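Engineer: sequence unknown, structure follows:
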DNA sequence: CTGTTAGCGCATTCAT
DNA sequence: ATGAATGCGCTAACAG
């Protein structure tokens, strides 16, 4: 009875073949199979082939969990990111992934799009705690791991924290640069606009936009310029709608606009073009990012060095693997890419 | 001596705390700790608190691999995709992820950007074989898993194969629809252009573009219209450059263009606008996808029902979990979203 | 309620 | 060159 029950259980479970099954059918020990799989140790050509053929026949695939449990060799990394739909992040991701793939690491994406996603990470049972390292994009890290001890290797991309490796840009400086650019290119009678994005003040806040705003407004204030601030949705038509609410027809004054990212800048320029306004004659516009699309639009923009950021993040991870203890911080400078606007 | 060595080993390994450590410090059995972690079984409030405090103190996080090994409960899914940088895919991803997150599944992204990535998957040791199911976007599946038996649950998104659940659109039909739209809106003297993307004929080929081309060209041929075909890069300025090579200044004839995706369509329209050509007066343009950006550009486009696709993919996965055996195929219809062009 | 124990699938000595 | 045995960290009976 007991035996039958056991058998039934096994059958019904429809379990995958294991190393044992392979060993049995190949008439060898499991150690030998293991050697074949890992190309380690000495195995005679004959047995190797026999084992391989059984593996093929059974469509056997080694259980990765058993494997890492046994060897402590995980080789996976986490990539925590606000929104993969944003080209900014998907580009960084691709760059990092390409770099890592050669080193046999898996980059697992953890998109923190909502509270549910955040809650998952906060449960210490989450997969993120089992990876060899975590790249965090844009987020203020303390919010994510709060009082909980975070995973071992943490590398911050596009944000800063004393305690962890980081590569980032000076967002306040970006705001200042934008202000100076506009000031330089604007006549006396100019309407200044800041089109930006307001993050909800919650655990997700990255302060990236806030800092750009701050730097920009500070310089403008120093020059006694009044700025009208409009908060837009972070979508392709966000900038368009913002401008729509601001300008109904071509105004008398010159218009100077700082849109805090390309995604907004595209819409802004589109709207102004529709109002027959000519860049540098009727308006100036500067945005931030230098995403591929900004080239198509001939947007003047402040370049975020994405490939450098990815490269440095990668290097910090590798050097940390090799035993580096001291925390590294890389503050990258951003230059203006001047185009049509 | 031996003991010392062992200790050293342990220390130097800097291993994470295990359930045993927690149990020892909390002065309970490991089963109790397990119960606390999983909120299962009965544990007295006193011991629960004690255990939790030790967990906190040790910053203990359960080893997910041991866990799944022991419980056979993996709860992760794969998402195989050509390029997360393409909004088309990142949107599907987000939709799917949002849907799944409520069911406690992790969606792991496997971007097949190059041969290296493909090789990884072909090694049967890859993580992808350990997930509960695989969503595959756009790829011709036989190329990926070739003769190897693929993982259990496979769900095809935006591609079709007899053997697996699939949700897709009829891309030849899309081409036909585009042709009919242009034919309807074009005067007798019209230059027809097809701006499309040529996939390398390798294991990655999805045939999506090829099919759209085919459907389009067939109908055009039926109507005895000659079409000039241009292959563009799949980038934001791809369509722009293609048009640049085609038209130097505003031509005498009416121009009708089918660009096989929005990413190309945006550039096409941008170029025509710069040449002062007026939509529906000087040219017609239809593309495919209906990505968010196509709205900003008032592109007439053939809508791909992304949310439906994600939803159906999700449902197919769930029903398959619940024991459905029969393969399902969902062919979705695509309607024209007529805007400015 | 709680502790003990038997695997989960595999890598890895250690014998042979 | 190869097989048997041990343990990785955990869950799930089982026995108190």
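Structural biologist: Yes, it's here. This is a predicted model, so every value here is computed, not measured.

Engineer: Residues of the stretch 51-200 of chain A that sit close to DNA strand C?
Structural biologist: A:60, A:62, A:63, A:66, A:67, A:69, A:70, A:71, A:73 (C-beta under 7 Å from any atom of the strand). The way it works is simple: take the backbone N, C-alpha and C, and place the C-beta from them, glycine included.

Engineer: Lowest-confidence entry in these?
Structural biologist: Of all these, residue A:73 carries the smallest pLDDT score, 68.

Engineer: circling back to that earlier point, which ones among the residues of the stretch 51-200 of chain A next to DNA strand C are found in helices?
Structural biologist: A:66, A:67, A:69, A:70, A:71 (DSSP state H).

Engineer: could you dump those to TSV with distance to residue B:260?
Structural biologist: Listed next are these as TSV, based on distance: C-beta to C-beta, whole Å:
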residue	distance to residue B:260
A:66	45
A:67	43
A:69	47
A:70	49
A:71	47
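
Engineer: Go back to the residues you listed and keep what's next to DNA strand D.
Structural biologist: A:66, A:69, A:70.

Engineer: Which among these count as buried?
Structural biologist: Listed as buried from those are A:66, A:69; burial here means 16 or more other C-beta atoms under 10 Å in any protein chain shown.

Engineer: Between the ones next to DNA strand D among the ones in helices among the residues of the stretch 51-200 of chain A next to DNA strand C, which sits nearest residue A:52?
Structural biologist: residue A:66 (19.9 Å; C-beta to C-beta).

Engineer: Now the stretch 201-341 of chain A against DNA strand D: closest residue?
Structural biologist: Nearest to DNA strand D in the stretch 201-341 of chain A, going by C-beta to the nearest atom of the strand, is residue A:321, at a distance of 19.4 Å.

Engineer: show me the contacts for that residue.
Structural biologist: A:132, A:153 (C-beta atoms under 8 Å, 6 or more residues apart in numbering or on different chains).

Engineer: Now do stretch A:297-308: everything it contacts.
Structural biologist: The contact list for stretch A:297-308, computed with C-beta under 8 Å, 6+ apart, reads A:88, A:91-92, A:95, A:167, A:169, A:174, A:177-178, A:181, A:262, A:265-266, A:269, A:279, A:284-290, A:294, A:332, A:334-341, B:270.

Engineer: mind checking the end-to-end distance for it?
Structural biologist: Using C-alpha to C-alpha, to the nearest Å, the end-to-end distance of stretch A:297-308 comes to 23 Å.

Engineer: Pull out the buried positions in that stretch.
Structural biologist: Applying a neighbour-count criterion of 16+ other C-beta under 10 Å, one finds A:297, A:299, A:300, A:301, A:302, A:303, A:304, A:305, A:306 buried in stretch A:297-308.

Engineer: Max pairwise distance over the residues you listed: which two?
Structural biologist: Distance extremes for these: the farthest pair is A:297 and A:305 at 19.8 Å, using C-beta to C-beta.

Engineer: can you give me phi and psi for the residue of the stretch 201-341 of chain A closest to DNA strand D?
Structural biologist: phi -60, psi -40 (degrees, to the nearest 10).

Engineer: Tabulate the buried residues of stretch A:297-308 (TSV), appending pLDDT, distance to DNA strand C and secondary structure.
Structural biologist: Below are those laid out as TSV (pLDDT from 0 to 100; distance: C-beta to the nearest atom of the strand, whole Å; DSSP: H, G, I helix; E, B strand; the rest coil):
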residue	pLDDT	distance to DNA strand C	secondary structure
A:297	96	51	coil
A:299	98	51	coil
A:300	98	54	strand
A:301	98	49	strand
A:302	98	48	strand
A:303	97	45	strand
A:304	96	41	coil
A:305	97	39	coil
A:306	96	37	helix
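
Engineer: Could you pull up the contacting residues of residue A:170?
Structural biologist: Contacts here follow C-beta under 8 Å, 6+ apart; on that basis residue A:170 touches A:331, A:333, A:334.

Engineer: From residue B:166, how far out is it?
Structural biologist: To residue B:166, residue A:170 is 48 Å away according to C-beta to C-beta, to the nearest Å.

Engineer: can you give me the strands in the stretch 201-341 of chain A?
Structural biologist: Assigned by DSSP state E, counting those that start in this stretch, the stretch 201-341 of chain A shows strands spanning A:227-231, A:254-259, A:283-289, A:300-303, A:329-332, A:336-337.

Engineer: got the ones you listed as TSV, with distance to DNA strand D columns?
Structural biologist: Shown next, in TSV, are those (distance: least, C-beta to the nearest atom of the strand, whole Å):
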stretch	distance to DNA strand D
strand A:227-231	45
strand A:254-259	48
strand A:283-289	42
strand A:300-303	45
strand A:329-332	32
strand A:336-337	50
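
Engineer: For residue A:26, which of the ones you listed is the nearest?
Structural biologist: Comparing the strands of the stretch 201-341 of chain A by C-beta to C-beta, strand A:329-332 comes nearest, at 51.8 Å.

Engineer: helices or strands next to the closest one in the packing?
Structural biologist: Counting contacts by 3 or more C-beta pairs under 8 Å, 6 or more residues apart in numbering or on different chains; DSSP states H and E, strand A:329-332 packs against strand A:165-169, helix A:306-321.

Engineer: Out of those, which one sits most buried?
Structural biologist: A comparison of the helices and strands packed on strand A:329-332 by mean neighbour count, using mean count of other C-beta atoms under 10 Å in any protein chain shown, puts strand A:165-169 on top with a mean of 24.

Engineer: Let me see the mean pLDDT of the following helix or strand past that strand.
Structural biologist: Sequence-wise, the next helix or strand downstream of strand A:165-169 (DSSP states H and E) is helix A:171-185. Averaged over helix A:171-185, pLDDT sits at 97.
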